[in-house]
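**Q** Here is my input; please provide its structure:
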Amino acid sequence: MKRILCLILAVLVTGMLFAGGGQVGGGTAAPASVGRKYPSLPFVQNDGNTRISMMILTSAGSSYDYDDNSYTREITDTTGVHFDFTHVPSTDFGTRANLLLAAGDYPDVINPHAGGGSWVPDIAYWASEGVFIPLDDYNLLEYPVIAKVFHDYPALNLTLGLPDGKIYGLPVVDDAIWSTYQFGRANIYMPWIRDHRQMTMPQNLDELLQYLRWIRDTDVNGNGDRNDEVPLAFSRPQYAARYFANSFMPFVMGGDSQFGLAQENGRVVEQYRANEYREALKYMANLYREGLIKQDAFTWSTDQYRALVLSQDNVVGMHIHGYTHDLINSAERWVEYFIIQPMNGPSGRHWSTNRGSWGITRPGWYVTDKSKDPELVIAIYDYLGSDPLFLGGWHNKGIEWDDPTPGALGLNGLPSLYSRLRPLPGTQPPNRFWGQRGAFLMYADRRYGEQAEEVEIITEWIRTGNPALRTRVWQNPSYLLSSLIQMSQSHLEYTIPDSTFILTPSFNDADQRRAADISAVINPYIDRSIAEFTTGVRDINNDAAWNAYLADLTRLGGEERAAIYQRNLRN
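**A** From the prediction side, this is the model:
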């Protein structure tokens, strides 16, 4: 129970970091006064005449139509509302949405899968054109689930609001400490630390260099081949550059943040021009010269990277990636990789690999001026966010999750809301849920309300790496969340402050297009420059080579992009 209380503390601290600031209850949302138009189920008579049209992001082989999707049938049969879906794959969503909006042939609701990624900046333009309607006048705080998330996450007023002070999207919350600290995070192969270093992890850049050299020069995996070990691998050059830069400076990346585009005292700066960033590249170049970085790291696919890291040959000592779930599979190997913070740099400290705290909140559904009844859309969204509709639409009950054991506690120490049935996300039967396409409101009570199973054993595994516990923790349904919570706690002390990050600007159309055009050119150039400086194609220690790189950034529009962000800056 003491271990569970430690997790409660972590959750509470995380909640304070994520929810701090803003007006409790939603500063821009309309105050509760008039009441809900649809206070009880069914919302309308189920005669097929009340319909909501929706453009929805769709994965291969899935359908949300009534005849195909059992969760859609449950929603319609309960509420009386029928849906007409336009299914669009993720790769085409932004393009299709803009084409439909420009042509005037768009549905009642645009549902871009909990945020829409790079498509989000266009929202301000279409709102200014009157296509998306503000939701402030529809008594949002009269809806209990929506009211709760606005109360618990006042940052929604930033992520949903536009410069006119109004809200144009229904809320999404994905509260997970590991998600906030994921961009450019490293994992280290724990058994080699356990068996040869008594669980003592490297703490600074010098110690890491010695550790990687030891892997290179030693038959660590004991198979008789001293050349098959890989000291360091990474899935993307930007992840590695961000990880090592955080030993020198609070370098930003992730979520809605462009790589290295940050704020300093209210001024937008390009961190990839800084001397500290150059020092990080020098460190990487030295690792490469010494044969400590996998050469394929600059050219391979994520699938090739994953296959090497999770192979049964035990060859990768440390790897750097983004989202943790990308490296989870059915092999036990993944539980042996432990999260490790950036190394302390010359100043004796480091910064975490976090994104802005508001990154756990974002817009979900957008209601257009084609909707005859926006209040019905809001009522449906609030209903989908309620228990147990949320859990039923998130994953399949009886396959991924089920009701908790009576009297069981969750990871937050409170009565559990559900139990996970298997330790890893698996392939689910299609067309039985909506996932994040519904009202994705994974607030802290829900995320950490998962039934806790043998948390003390998980804690012992993380502390000691006792090999006798490996299979036990791998089979434990609680290991995924509990381990991520515990390993992420160490990041809190070194969090990059929100004032360093840039909240997604609400560009006008011209600025949005110009910034996107520049990013399409300059981001690949930065990726290529990381590879070239690291591998020695360009000499990172040569001032002329560095000055040529800086000149290229200006020529490609780096300063212009920073100026665009500056004049559209939101605080």
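**Q** I'd say residue 174 and residue 440 touch.
**A** Yes: counting by Cβ atoms under 8 Å, residue 174 does reach residue 440; the two are 6.7 Å apart. Every C-beta, even on glycine, is put in place using the N, C-alpha and C of the backbone.
**Q** between these two, who's got more neighbours?
**A** For residue 174 versus residue 440, neighbours defined as other Cβ atoms under 10 Å are more numerous around residue 440 (22 against 18).
**Q** how much space is there between that one and residue 391?
**A** Distance of residue 440 to residue 391, given as Cβ to Cβ, to the nearest Å: 12 Å.
**Q** Got phi/psi on residue 52?
**A** Dihedral angles of residue 52 (phi, psi; degrees, to the nearest 10) stand at phi -120, psi 120.
**Q** That one is in contact with residue 108, isn't it?
**A** Yes: using Cβ under 8 Å as the test, residue 52 is close enough to residue 108 to be in contact (5.2 Å).
**Q** tell me, what's touching these two both at once?
**A** Common contact partners of residue 52 and residue 108 (Cβ atoms under 8 Å, 6 or more residues apart in numbering): 371, 377.
**Q** Neighbour count: these two, which is higher?
**A** Higher neighbour count among residue 52 and residue 108: residue 108, with 23 against 20, using other Cβ under 10 Å.
**Q** Mind checking what secondary structure the nearest residue in space to the more buried one that is not next to it in sequence has?
**A** Leaving aside its sequence neighbours, residue 108 sits nearest to residue 371 (Cβ to Cβ, 6 or more residues apart in numbering; 4.0 Å). Following DSSP: H, G, I helix; E, B strand; the rest coil, we place residue 371 in the coil state.
**Q** Quick one: name whatever helix or strand follows the helix or strand residue 263 falls within.
**A** Under the criterion of DSSP states H and E, residue 263 resides in strand 261-264. The first helix or strand that comes after strand 261-264 along the chain, using DSSP H and E, is strand 267-270.
**Q** which other residues reach that next one?
**A** For strand 267-270, the surrounding residues in contact (Cβ under 8 Å, 6+ apart) are 260-263, 502, 553, 558-559, 562-563, 565-566, 569.
**Q** Beta-bridge partners for residue 261, please?
**A** With DSSP bridges as the criterion, residue 261 is bridged to residue 270.
**Q** That one: what's it in contact with?
**A** Going by Cβ under 8 Å, 6+ apart, residue 261 touches 252, 268-271, 502, 561-562, 565.
**Q** Ranking by neighbours, what's the top pick from the residues you listed?
**A** Most surrounded of the contacts of residue 261: other Cβ under 10 Å gives residue 252, at 27 neighbours.
**Q** Now it: closest residue in space that isn't a chain neighbour?
**A** Distances taken as Cβ to Cβ, 6+ apart place residue 262 nearest to residue 252, at 4.5 Å, with adjacent residues excluded.
**Q** and what of residue 294?
**A** With sequence-adjacent residues excluded and distances taken as Cβ to Cβ, 6+ apart, residue 294 is closest to residue 233, at 4.2 Å.
**Q** my read: that neighbour touches residue 316, true?
**A** Yes: assessed by Cβ under 8 Å, residue 233 is found in contact with residue 316 at 5.3 Å.
**Q** list residues touching both of these two?
**A** 294, 308-309.
**Q** Filter those down to the ones in helices?
**A** Judged by DSSP state H, the subset of the shared contacts of residue 233 and residue 316 located in helices is 308-309.
**Q** Of the shared contacts of residue 233 and residue 316, which is the nearest to residue 397?
**A** residue 309 (32.4 Å; Cβ to Cβ).
**Q** separation between the closest one and residue 497?
**A** In this view, residue 309 and residue 497 are 32 Å apart by Cβ to Cβ.
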